[in-house]
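Engineer: Coordinates for the following, if possible.
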Amino acid sequence: MADDGDGTAIWTQLVYVPSRRFQQGDTAAEFALSLFEDGRRVLPLYSSLELLVAGCGEDQPWVAVQLRAPEGIEKFAELTGADVVLWDVDFTGMEGDPS
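Structural biologist: Below is the predicted model:
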């Protein structure tokens, strides 16, 4: 929970997001979106680092993002170009693995 500056509590959530590997000179994270067969872009979000590792594997790069929820989650999905958000999904052994 955060404070918006006037004493009003704001509900926030730390989420873990699969990303592409950083390269020297990168100035921004590139999030790893997956695709449904119908072409919709999927943004996987994880409620803990342990769930991200379990769902994507130990070698999956990731970024932690603090979001105001629930509207911040919707805005974040829009900014990444995602059509759908999935929580704590297990990609191990699936095609479309975000790594």
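
Engineer: Quick check: which ranges of the chain have low pLDDT?
Structural biologist: Scanning the chain for pLDDT under 70 picks out the ranges 1-9, 94-99.

Engineer: the helices in it, which residues?
Structural biologist: 49-56, 71-80 (DSSP state H).

Engineer: could those helices be laid out in CSV, adding mean neighbour count and distance to Val89?
Structural biologist: Where you see a C-beta, it was placed from the backbone N, CA and C, and this is true even at glycine. Shown next, in CSV, are these (neighbours: other Cβ atoms under 10 Å; distance: least, Cβ to Cβ, whole Å):
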stretch, mean neighbour count, distance to Val89
helix 49-56, 18, 6
helix 71-80, 15, 14
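
Engineer: what about stretch 13-31, distance to the chain center?
Structural biologist: Distance, stretch centre to chain centre, for stretch 13-31: 10 Å (Cα atoms, centre = their mean, to the nearest Å).

Engineer: In CSV, please show the C-alpha coordinates belonging to that stretch.
Structural biologist: Taking Å, rounded to 0.1, in the frame of the first residue of the first chain, the C-alpha atoms of stretch 13-31 are listed here in CSV:
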residue,chain,number,x,y,z
GLN,A,13,1.1,-4.5,-6.3
LEU,A,14,4.6,-5.6,-7.1
VAL,A,15,4.5,-7.9,-10.1
TYR,A,16,7.2,-9.9,-11.8
VAL,A,17,7.3,-9.8,-15.6
PRO,A,18,9.2,-12.0,-18.0
SER,A,19,11.5,-9.9,-20.2
ARG,A,20,14.0,-10.2,-23.0
ARG,A,21,17.7,-10.4,-22.1
PHE,A,22,19.3,-7.0,-21.6
GLN,A,23,22.1,-6.1,-23.9
GLN,A,24,24.8,-3.6,-23.3
GLY,A,25,23.4,-0.2,-24.3
ASP,A,26,19.8,-1.1,-23.7
THR,A,27,17.9,1.8,-22.1
ALA,A,28,14.6,0.1,-21.4
ALA,A,29,13.2,-3.3,-20.6
GLU,A,30,11.5,-5.3,-23.4
PHE,A,31,8.8,-7.5,-21.9
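
Engineer: what residues are up against the spatially most central residue of the chain?
Structural biologist: Centroid-nearest residue in the chain: Val17, 2.8 Å away (criterion: Cα atoms, centre = their mean). By Cβ atoms under 8 Å, 6 or more residues apart in numbering, the contact set of Val17 is Ala29, Phe31, Ala32, Leu43, Pro44, Leu45, Tyr46, Trp62, Val63, Ala64, Val65.

Engineer: All set now, cheers.
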